[in-house]
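[1] What follows is a predicted structure for the sequence shown.
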Amino acid sequence: MVQEKNDGINKDMVLPPIQQKRPALSWELKIKKKLTVPTCLGKFRPFVGQCCHQCTPDSLRKKLGQNSSLGFYNLLSVNETHTRYRGWLVRRVCCMLFVSGCKANASPVSNRLERVCQSNRVKEALTAQHKAPEGGDSRGQINSLSPFLPLINTCIIPGLLRFVGWVMLKMGASMFDSIQVNLNHLPALHTASQEGSLLVYVYMRQSIMDCVLVPLVLFCRSLRVPYTVCPFQIYSHSLRSILQKVGVVLLPSSALTEKDAKMDSLYLPVMTSLVRELLHEGQAISVGVSAESGQGCQWLACIRQLMKEGSVPDVTLVPVGISYDCVPKTNIQVGLSSVLQWLWSLFWRRPGGSVRIHIAQPFSLKEMCESGRCRVDEWLPLQDLLLPVILHNRAESVFGRRRMSWLLPSSHYASELKEPNTERDLSIAITLHLIFSVTSCMAVMCTSLVSSLLLYRHRKGVSTSLLCRDVAWLTDEVLFRNRDVGFGGSLVEVVHYSLSQLAPHLIMAAAPSRKDPFIIPRPSFTATLHLTLQAQIVTHAFISEAVGACAVSAMLCEVANSGIGSRVRTGSVDGEEVTSDMEFDVVLCQSELTEKALQLCHLLPPGFMTPCQSSQSFALDAIDCLVRCGILIMEEIPRDVPTCDFWKREETLTWTTSDDPYHSDSDREDEELRSYKISQPSQCPEMLFFLCSMLAGHLRALCWTTTGLDLLHTPLPEAEFVAQIHSHLCDTANKKKQHYESCSEEAAYTAVRTLIDLGVLSEECQKEGVFLGVTPLFQLSENRQKLHCFISQYLYN
């Protein structure tokens, strides 16, 4: 089990021993003497992973009695206590004995191929392709489906599964210092498994290790190993054969990516039928999704469609959050020779980094769909929400949620063309809710804290003593927001460990004249992208505050452009003028501030907001969060009569019937709008800029993409269009020699997709594929300039 330590940030876990045995640095002793800031580190751990109280209250209520904290389990810490035997020899083969004792459920294929061939989906797809054999010959159908036979025949052999599990544990020990698993929701998972619930595990795609870790954790805890949908192409026939016998559903050998596989009209019908047969067999399934591209979301839509048809009564969804100290590099082209070379290198490699895995509370998909609590009736195209505001045709935006139909391809609903919006939007809402749930239960690692501080607060460098103070402060803030942290040990050890993990991407300077080393993030493309990737989870934790801060920045920008400046309070002492801290005499109206936040939240990428929360509510929460963290203070308006004194109002109270649908208690109140001022503590501007910087990369990529439309000769194929935009973003960052976080491939794809939804770019389907071009409305430079000004107002610099 995980070691405990009472004087650190996390009582249930300490840093890996390999890090603690390092010799103390000279600045460590100085920090220990100088650091006296009281914090709440190590005093509590938030209970994360609970299902939504609004969408699935029954599932939440059912598991409330199992909310006791059970601590963590290190997957790599296998010793003789995990076996039934003791002794000198057992300690040397304990891992093998442990694996042999784990439960492994056999999954014979039996007549699965025939059942898939008899599926109406497959028959209709074969008929559409003119591959349907005459007379309904099953042998002819099998021949037509020959490229998909290995996928359909995927099975789980217990003996091979135990061997692969042993290899995976050895591989994990060579790559990571520890793999910590949160045990809090595992009893509920065991109960659901014993009740015969159909379990579907959902995680965020970050690396090929995600496909390995989820089945490995379940195998080591004696839970049913799921069939894992692997989005990476593996070329070695031997390796493919082994993986398909341990439940890994691979891509067809002829397809390089999932997008290429979908080009075959038989792929989706066959895979949907395969998912149906697996669920009928009582098997569990593991699916990875991507918030940027929407890849993997089609499998959740398939399960939802099977439930609607009545093929599957109900499915229990289990979000799984996986956090890395450093995300492993993904090698898509995996071959047997590369695997053997990697295994040989294990003997000479030192492990580095830790992994934290949170398995969240399982909940019923049927409850979420049929209860009607996950509503999508206010979803509107983005151009309807923002275009009138951008072109100054209307002062206020429309209330509603941005429709992200691109998360699911329309081919899933070819049979529902008469009413595509309702069912498709519901499937998208479920996907977005799962993406948010997975992200919310992911632990914030120490490297994520240090990366966010270096990128968003100390871009020009920081001393290690100040960095330690900021890490302690940011850890407190993360814990207060009910987000777990995935590290432990003393504060100095945590910072030391983080810097050692991020060392290739940092410049650490130490001079005899300085009391402690000075740390600067490397001003390079690779280093900035790595730090940005690590800092994403911190942005998710502070998203409400970040949106509110950008809204404040936009309003201050309007004030500055209007010519109304801030005044500086001055006074005279003995005839000499003394200037104090700058004070902004600007009052921010609540309605205007909320409107700015509402407009900005429509530009956010998927996964930051839950579909069960309205955009208006999110915008109001963003402003309230700024008040709670001390950036804004409510402006006090002097009144003759207190606000709470209703009896002294000029008008008398009147009574109305209780069944009046248009009556509101606030109709009789002379309610005045609230207003705010920016607080004056010295740390407030720095905190405001820190929060604004979290969204600056995404917003800057949108601005650069808008200006880059002048350089493109459209229409262009979608892939080529995104590639040219990516090249433009890289060129712009290289010219400026900064802001490399805005020129990643994900940033380019997200920016292009946002401009499509906004009506700036048009999609045209041709035989060669989808072509993108600039719409006539935005071929005018004036409208593009308005769009650029609208987005750039949220950039504080």
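    In hand now; what should we look at?

[2] What is the neighbour count of the nearest residue to residue 751 once chain neighbours are set aside?
    Using CB to CB, 6 or more residues apart in numbering and skipping residues adjacent in sequence, the residue nearest residue 751 is residue 705, 4.1 Å away. Backbone N, C-alpha and C define where each C-beta goes, glycine included. Residues lying near residue 705 (other CB atoms under 10 Å) number 27.

[3] the strands in the stretch 51-200 of the chain, which residues?
    Assigned by DSSP state E, counting those that start in this stretch, the stretch 51-200 of the chain shows strands spanning 72-74, 178-182, 199-204.

[4] er, the stretch 301-450 of the chain actually
    Going by DSSP E, counting those that start in this stretch, the stretch 301-450 of the chain shows strands at 316-324, 354-359, 363-364, 379-380, 401-402.

[5] Adding mean pLDDT, distance to residue 222 and mean neighbour count, write these out as JSON lines.
    Converted to JSON lines, these look like this (pLDDT from 0 to 100; distance: least, CB to CB, whole Å; neighbours: other CB atoms under 10 Å):
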{"stretch": "strand 316-324", "mean pLDDT": "95", "distance to residue 222": "16", "mean neighbour count": "25"}
{"stretch": "strand 354-359", "mean pLDDT": "94", "distance to residue 222": "14", "mean neighbour count": "26"}
{"stretch": "strand 363-364", "mean pLDDT": "92", "distance to residue 222": "22", "mean neighbour count": "24"}
{"stretch": "strand 379-380", "mean pLDDT": "87", "distance to residue 222": "42", "mean neighbour count": "17"}
{"stretch": "strand 401-402", "mean pLDDT": "86", "distance to residue 222": "42", "mean neighbour count": "24"}
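
[6] Of those, which is nearest residue 752?
    Of all the strands of the stretch 301-450 of the chain, strand 401-402 sits nearest to residue 752, with 15.6 Å by CB to CB.

[7] show me the contacts for the residue nearest to residue 751.
    By CB atoms under 8 Å, 6 or more residues apart in numbering, the contact list for residue 705 reads 725, 728, 729, 748, 751, 752, 755.

[8] Residue 505 now?
    For residue 505, the contact set (CB under 8 Å, 6+ apart) comprises 521, 522, 524, 526, 527, 530, 531.

[9] number of nearby residues for the nearest residue to it once chain neighbours are set aside?
    Closest residue to residue 505 apart from its sequence neighbours, by CB to CB, 6+ apart: residue 527 at 3.7 Å. A total of 18 residues lie near residue 527 under the criterion other CB under 10 Å.

[10] buried ones in the helix or strand containing residue 527?
    Under the criterion of DSSP states H and E, residue 527 resides in helix 525-541. Judged by neighbour count using 16 or more other CB atoms under 10 Å, the buried positions of helix 525-541 are 527-541.

[11] Among those, which one lies nearest to residue 456?
    For those, the nearest to residue 456 is residue 535 (7.2 Å; CB to CB).

[12] pretty sure the closest one is touching residue 457, no?
    No. Contact criterion CB atoms under 8 Å: residue 535 and residue 457 do not qualify, at 10.7 Å.

[13] Please verify my assumption that residue 256 contacts residue 232.
    No. Using CB under 8 Å, residue 256 is not in contact with residue 232, being 9.9 Å away.

[14] so what sits against both of those two?
    By CB under 8 Å, 6+ apart, no residue touches both residue 256 and residue 232.

[15] So for the two, which residue has more residues nearby?
    residue 232 (18 against 14).

[16] Give me the phi and psi for residue 236.
    Dihedral pair for residue 236: phi -70, psi 120, per degrees, to the nearest 10.
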